[in-house]
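> quick one: sequence plus predicted model below, questions after.
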Amino acid sequence: MVELRRMVSLGIPDVALGLVLGFIDDPRDRAAISLVCRAWHRADALSRQHVTIAMSYATGPARLARRFPSLVSLKIKSKPRAAMFNLIPHDWGGAAAPWIAHIAAPTPPSFSFSFSFDLLRSLHLRRMVVTDSDLSLLLAAKAPILLSLKLDRCDGFSTHSLSLIASSCRQPSSFALLFFA
């Protein structure tokens with residue numbers, strides 16, 4: 001029993017936990033792991049790189065950035081699936097503006113990277129209203145580091161935004177824009 005306490009105080013289980021968490025990809029398993037104790041919750045938060053938000057109104061971008069400081073990939077869904085079949089009014093909601101404003105916001109100098117999306121390389125928006133100003137704000141802030149932008153069944157933007165995205169690509173092979181109508 002004494003040896004176990006020494007190992008916990010030395011941080012050996014934290015190292016082992018970090019190595020093990022790297023091999024667990026299923027979000028349900030990661031969610032179950034984060035419920036075990038505070039140390040495992042913290043280890044999950046620091047090691048998770050991919051998050052899917054099933055409903056954009058379920059959480060906010062600031063809370064997500066605090067919970068998962070090292071996100072590399074983010075998928076945000078908004079409107080229900082019934083919107084694809086015109087069963088939801090067109091002006092129901094699902095605006096991407098609050099998310100994009102927070103993603104594009106610069107990191108305050110008094111904070112570390114842990115409250116921003118500085119490591120974000122891939123952004124997938126699904127069934128959201130994305131305006132031209134949203135896309136221009138996102139490109140102005142994140143074009144150098146964003147490698148993949150996927151607009152899946154999104155509306156609200158014009159071909160001018162698509163030309164901005166195409167002109168911001170430094171190398172055609174390094175930036176992918178996927179759009180599905």
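Cool, got the structure.
> and Asp152, backbone torsions?
Backbone torsions of Asp152, given as degrees, to the nearest 10, read phi -110, psi 110.
> and it, how many neighbours does it have?
A count of neighbours around Asp152, defined by other Cβ atoms under 10 Å, yields 15. Heads up, the C-betas are built off the backbone N, CA and C, glycines and all.
> pretty sure it contacts Leu123?
No - if you go by Cβ atoms under 8 Å, Asp152 and Leu123 don't touch, sitting 11.0 Å apart.
> so the residue most central in space within the chain is in which element?
Per Cα atoms, centre = their mean, the C-alpha nearest to the average position across the chain is that of Leu74, at 2.5 Å. Leu74 belongs to strand 73-77 when elements are defined using DSSP states H and E.
> quick check: which element contains Leu149?
With secondary structure defined by DSSP H and E, Leu149 is part of strand 148-152.
> could you spell out the sheet neighbours of that strand, each with its direction?
strand 122-126 (parallel), strand 176-180 (parallel) (DSSP bridges).
> give me the neighbour count for Met128.
Residues within reach of Met128, counting by other Cβ under 10 Å, total 24.
> swap in Val20?
Other residues near Val20 come to 13 when the count uses other Cβ under 10 Å.
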